[in-house]
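Asker: Fold the following.
(one chain, ligands or ions: 1)
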Amino acid sequence: MTEMQTKTIMVLNGPNLNLLGSREPETYGNLTLSEIGSMLKQHAASHGLEIDFRQSNHEGTLVDWIQEAADSADGIVLNAAAYTHTSVAIRDAIAAINTPVIEVHLSNVFAREEFRHHSFVSDQAEGVICGFGATGYVLAIDAFASMLRVQS
Ligand code: DQA
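Answerer: Residues are numbered from 1 along each chain as shown. Next up, the predicted model:
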């Protein structure tokens, strides 16, 4: 019998998400990013998935990590935060790799300012989840578990 390798999902968080918990809690909720990361790790383990959870305030670092995920991850959950609405570089990085991406936003970006309605990521992504707070990350892991046909 061949041994199955554990599949890894890289979860990337963009600028200002390190401030979750204190940042506009009425919009982004009360959980800190590290609380979301711990919850997600536990949830992913129930699907037999591993999580590589990261945050950066820097566009180039996010581009580097997306490139790295091409070899080291089976999927990417991406909340590019404000870079969602501005970054051609992040879009191009996603287009350059074969690793599937699910775009997540805590808030419902379509119920907010018009500049948040456009995403450079969405048409490169497998799907988009927004408006469900931290639950959106959990739903993205569920989607990957089903896409990657991992036993739950
Ligand atoms: C966000 C939505 C973005 O418009 C915003 O710039 C963020 C967070 C969200 O998770 O709701 O920083 O990505």
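Asker: contacting residues around stretch 15-30?
Answerer: Applying C-beta atoms under 8 Å, 6 or more residues apart in numbering, the external contacts of stretch 15-30 come out as 31-33, 35-36, 55-58, 79, 81-83, 106-107, 133-134. Any C-beta I mention is one placed from the backbone N, CA and C, and that applies to glycine too.
Asker: Show me the subset of those that also lies near the ligand.
Answerer: 79, 81-82, 106-107 (C-beta under 6 Å from any ligand atom).
Asker: which one of those is nearest Asn98?
Answerer: Checking these against Asn98 with C-beta to C-beta, the nearest one is Asn79 at 20.9 Å.
Asker: Which ChimeraX command selects the buried ones in the contacts of stretch 15-30?
Answerer: In ChimeraX, this line selects whichever of these come out buried by 16 or more other C-beta atoms under 10 Å:
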select :31,32,33,36,55,56,57,79,81,83,106,107,133,134
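Asker: Among the contacts of stretch 15-30, name the ones in helices.
Answerer: The helices, defined by DSSP state H, take in 33, 35-36 from those.
Asker: low-confidence ranges in this structure?
Answerer: For the chain, applying pLDDT under 70 flags the ranges 1-4, 150-152.
Asker: which residues in it form helices?
Answerer: According to DSSP H, the helices that the chain contains are 25-28, 33-46, 59-72, 88-96, 135-147.
Asker: ranking those helices by burial, who's on top?
Answerer: Highest mean neighbour count among the helices of the chain (mean count of other C-beta atoms under 10 Å): helix 135-147, with a mean of 19.
Asker: Which elements pack onto that one?
Answerer: strand 7-13, helix 33-46, strand 49-55, strand 75-79, strand 101-105, strand 127-130 (3 or more C-beta pairs under 8 Å, 6 or more residues apart in numbering; DSSP states H and E).
Asker: Excluding residues flanking it in the chain, which one is nearest Ile9?
Answerer: The shortest distance from Ile9 to any non-neighbouring residue, by C-beta to C-beta, 6 or more residues apart in numbering, is to Gly75 (4.7 Å).
Asker: now Ala80: how far from Phe110?
Answerer: Relative to Phe110, Ala80 is positioned 16 Å away (C-beta to C-beta, to the nearest Å).
Asker: for Ser146, that is, sorry about that
Answerer: Per C-beta to C-beta, Ser146 is found 25 Å from Phe110.
Asker: can you check Ser46 too?
Answerer: 30 Å.
Asker: Cool, thanks, signing off.
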